[in-house]
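Q: below are the sequence and a predicted model for it; my questions follow.
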Amino acid sequence: MQKKMVLGLVGVLLAIALGLLWFSRDKEPAADAVLMPKPGQNTAEMVSSALSNSLNAASRFTTGLEGMPKSLQDTEVDGALEVDANGNLKITKGVRQTFDYFLSAIGEEDLTTIIARIRAHIRHKLPAKAAAQAEKLLESYISYRDGLGRLPQVAGDPSLNIAAIRQQKLDVQNLRSQYFDREVITAFFGDEDAYDSYTLGRIEVMQDKNLSATEKAKRTAALLEQLPPDMKESVKTLNQYQELQALEKDWKGRSGSPQELRAIREQIVGPEAATRLEALDHERSEWDAKMAGYLQERETILKNPALSEQDRQQQVQTIRQQRFNQQEQVRVDALERIHDQGLTVPD
């Protein structure tokens with residue numbers, strides 16, 4: 001079992017998009033957010049000390065997996081450490097995932113012990129040359145995490161300050177360039193950067209009051225196409241429902257045309273799915289009309305003073321059985337209760 005932090009229109013889509021951007025992706029565990037330096041000692045000093053002390057502490061472990069902290073027990077190490085044909089460390093996202101796996105136990109173990117575990121795991125998994133490269137990369141990664149936690153944060157509601165978020169992303173990119181070369185940055189953070197760029201672009205599109213719902217659907221679809229193929233499919237599935245909900249609500253509030261609704265749906269889910277949604281709309285419309293007619297006739301019967309209570313209930317039961325099959329009657333019972341309580345019938 002792997003241990004990971006679980007990853008529109010103003011309102012629902014913005015909350016979802018920003019939530020995905022900042023909380024749903026694999027977290028970067030900023031070291032200073034969880035470290036507790038001694039009085040007078042800053043986090044940079046503590047990180048430097050932990051890196052140095054971990055060199056000797058690594059000898060306490062053989063694989064780095066001995067006596068694991070509770071949160072990591074019965075789990076498997078995320079990521080993988082590999083070598084290329086020349087015996088060098090393969091620079092992949094799996095290297096970062098390995099580091100993050102152990103770092104997720106910050107708070108349960110001190111930083112020196114965690115780094116020692118990672119060093120031991122590296123030495124256990126890799127030949128000497130690749131292991132030395134991985135440990136050097138680990139030291140850069142730990143220092144980067146410390147710097148990351150000291151970057152200024154966006155104040156207030158991020159959805160109202162996209163420019164500040166973009167500046168923060170630029171600050172992060174500049175920090176990365178201080179510790180990593182382009183190959184490492186691409187391997188470690190490429191997917192994350194692609195998703196962030198997509199999400200910020202999508203928020204800006206959905207906030208643009210000068211765009212019609214159809215144009216918003218076109219532009220968000222174009223942004224989606226820019227994502228890597230594997231990411232595109234997962235993001236597409238995640239976003240489609242919320243995006244349709246938001247844009248259809250906007251369309252409905254403006255009393256838009258059926259042609260516009262069709263265009264919105266085609267941009268988001270494609271022509272075939274748009275046709276199926278139209279069929280569902282038709283079925284829903286027929287059901288709503290059928291239900292409204294039944295409820296009106298039912299109310300007339302229930303208010304008829306010439307009938308006894310028994311006769312009223314019998315007549316209501318008769319028209320229910322005439323108009324609805326057995327499966328539909330289960331839904332009718334629920335809708336009757338909602339209607340009788342004066343609540344709004346859900347779509």
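A: It's in. Numbers count the residues shown, from 1 in each chain.

Q: every contact and neighbour count from this point should use C-alpha atoms.
A: Will do.

Q: just give me the neighbour total for residue 269.
A: Using other C-alpha atoms under 10 Å, residue 269 is surrounded by 19 other residues.

Q: and it, how far from residue 286?
A: Distance check for residue 269 against residue 286: by C-alpha to C-alpha, to the nearest Å, it reads 24 Å.

Q: for the host helix or strand of residue 132, name the packing helices and strands.
A: Taking DSSP states H and E as the definition, residue 132 sits inside helix 128-149. Helices and strands in packing contact with helix 128-149 are listed as helix 43-57, helix 111-125, helix 162-179; criterion 3 or more C-alpha pairs under 8 Å, 6 or more residues apart in numbering; DSSP states H and E.

Q: quick one: buried residues of the first one?
A: Neighbour-count burial for helix 43-57, with 16 or more other C-alpha atoms under 10 Å as criterion, is recorded at 43, 44, 46, 47, 50, 51, 53, 54, 57.

Q: quick one: the following helix or strand past it to helix 128-149, angle?
A: Proceeding C-terminally, helix 43-57 gives way to helix 93-103 as the next helix or strand, assigned by DSSP H and E. Counting by axes from the mean of the first three to the mean of the last three C-alpha atoms, to 10 degrees, helix 93-103 lies at 60 degrees to helix 128-149.

Q: then helix 93-103 to CSV, C-alphas only?
A: Provided in CSV are the C-alpha atoms of helix 93-103 (Å, rounded to 0.1, in the frame of the first residue of the first chain):
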residue,chain,number,x,y,z
LYS,A,93,10.1,11.0,-10.8
GLY,A,94,10.5,7.7,-8.8
VAL,A,95,13.6,9.1,-7.1
ARG,A,96,11.6,12.0,-5.8
GLN,A,97,8.8,9.7,-4.7
THR,A,98,11.3,7.6,-2.8
PHE,A,99,12.5,10.7,-0.9
ASP,A,100,9.0,11.9,-0.2
TYR,A,101,7.9,8.5,1.1
PHE,A,102,10.4,8.6,3.9
LEU,A,103,10.0,12.3,4.5
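
Q: next, count neighbours for residue 304.
A: Residue 304 has 11 nearby residues by other C-alpha under 10 Å.

Q: which residues touch it?
A: residue 312 (C-alpha atoms under 8 Å, 6 or more residues apart in numbering).

Q: list the buried residues of stretch 327-341.
A: Applying a neighbour-count criterion of 16+ other C-alpha under 10 Å, the buried positions in stretch 327-341 are 332, 335, 336.

Q: tell me the secondary structure at residue 152.
A: coil (DSSP: H, G, I helix; E, B strand; the rest coil).

Q: for the lengthiest helix in the chain, name the packing helices and strands.
A: Scanning the chain for the helix with the most residues, using DSSP state H, yields helix 271-302. Taking 3+ C-alpha pairs under 8 Å, 6+ apart as contact, the helices and strands that helix 271-302 lies on are helix 258-269, helix 309-323.

Q: what mean pLDDT does that helix get?
A: The average pLDDT within helix 271-302 is 90.

Q: ok, now stretch 331-347?
A: Regarding stretch 331-347, the rounded mean pLDDT is 78.

Q: ok, residues contacting it?
A: Contacts made with stretch 331-347 from outside it, assessed by C-alpha under 8 Å, 6+ apart, are listed as 291, 295.

Q: rerun at 10 Å
A: Contacting residues not belonging to stretch 331-347 are listed as 284, 288, 291, 294, 295, 298, 320, 324, 326, 329 [C-alpha atoms under 10 Å, 6 or more residues apart in numbering].

Q: what comes up buried for the longest helix of the chain?
A: Buried positions in helix 271-302, judged by neighbour count with 16+ other C-alpha under 10 Å: 274, 278, 291, 294, 295, 298, 301, 302.

Q: repeat that for stretch 55-64.
A: 57, 58, 61, 63, 64.

Q: cool, and stretch 139-152?
A: 139, 140, 141, 142, 143, 144, 145, 146, 147, 148, 149.

Q: do stretch 112-127 as well
A: By 16+ other C-alpha under 10 Å, the buried positions in stretch 112-127 come out as 112-123, 126.

Q: pull out the CA atoms of it and give them to me as PDB.
A: Presented in PDB, the C-alpha positions along stretch 112-127 are these (Å, rounded to 0.1, in the frame of the first residue of the first chain):
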ATOM      1  CA  THR A 112      18.500  13.100  11.000                       C
ATOM      2  CA  THR A 113      17.000   9.700  11.400                       C
ATOM      3  CA  ILE A 114      14.800  10.100   8.300                       C
ATOM      4  CA  ILE A 115      17.700  11.200   6.100                       C
ATOM      5  CA  ALA A 116      19.800   8.300   7.500                       C
ATOM      6  CA  ARG A 117      17.000   5.900   6.500                       C
ATOM      7  CA  ILE A 118      17.000   7.300   3.000                       C
ATOM      8  CA  ARG A 119      20.800   7.100   2.700                       C
ATOM      9  CA  ALA A 120      20.700   3.500   3.900                       C
ATOM     10  CA  HIS A 121      17.900   2.600   1.400                       C
ATOM     11  CA  ILE A 122      19.900   4.300  -1.400                       C
ATOM     12  CA  ARG A 123      23.100   2.300  -0.600                       C
ATOM     13  CA  HIS A 124      21.100  -0.900  -0.300                       C
ATOM     14  CA  LYS A 125      19.400  -0.500  -3.700                       C
ATOM     15  CA  LEU A 126      22.100   1.100  -5.800                       C
ATOM     16  CA  PRO A 127      25.800   0.400  -6.800                       C
END
